[in-house]
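> quick check, what structure comes out for this input:
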Amino acid sequence: MSVDTATVAKIASLARIKVTEGELEAMVPELNGILNWVEQLGEVDTSNVEPMTAVIPNTLRLREDVVDADPLTGGGKREEVLANAPVAEHGFFGVPKVIE
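You can find the predicted model right below:
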C-alpha cells in the first residue's frame, strides 16, 4: 500500500492539521516508509507467541479482603455512615434512578 500527495492532504484535513504543499511532498515518502514497515510486521510468524499485555511480567500484590474493626482506622461504622445519607436502603446509599 502506498499513499500519494492527495491522500496525505486528506489525512491532514481529517486531522485538522494545516500542512503546506512542501510539507505534503516531504510526508509522502515518510508515510510510505511507515506503511512498508507495518506490512513487514505482518509477515512475521507469531503463531507460537503467547499474547501479552506488557514486556515484563507484572503481578499484583494482593492482600486479605477483611474489614478492619478498629474504630480509629475504619470498618464497623455502617450505621454511623448511613445516618448521614439522605436515603439509605438495605444497608446502602439510596440513589435516584438515572435511566428509565
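> can you pull out the low-pLDDT segments for the chain?
In the prediction, the chain carries residues with pLDDT under 70 at positions 68-75.
> which stretches in it count as helices?
5-14, 21-42, 78-82 (DSSP state H).
> nearest residue to the middle of this protein?
Against the mean C-alpha coordinate of the chain, by C-alpha atoms, centre = their mean, the closest residue is T53 at 12.3 Å.
> any chance of TSV for the helices of the chain, columns distance to P57 and mean neighbour count?
Backbone N, C-alpha and C define where each C-beta goes, glycine included. Converted to TSV, those look like this (distance: least, C-beta to C-beta, whole Å; neighbours: other C-beta atoms under 10 Å):
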stretch	distance to P57	mean neighbour count
helix 5-14	38	13
helix 21-42	23	12
helix 78-82	39	11
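> in CSV: those helices, plus distance to D65.
Rendered in CSV, the data for these read as follows (distance: least, C-beta to C-beta, whole Å):
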stretch, distance to D65
helix 5-14, 48
helix 21-42, 42
helix 78-82, 16
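> thanks a lot, see you next time.
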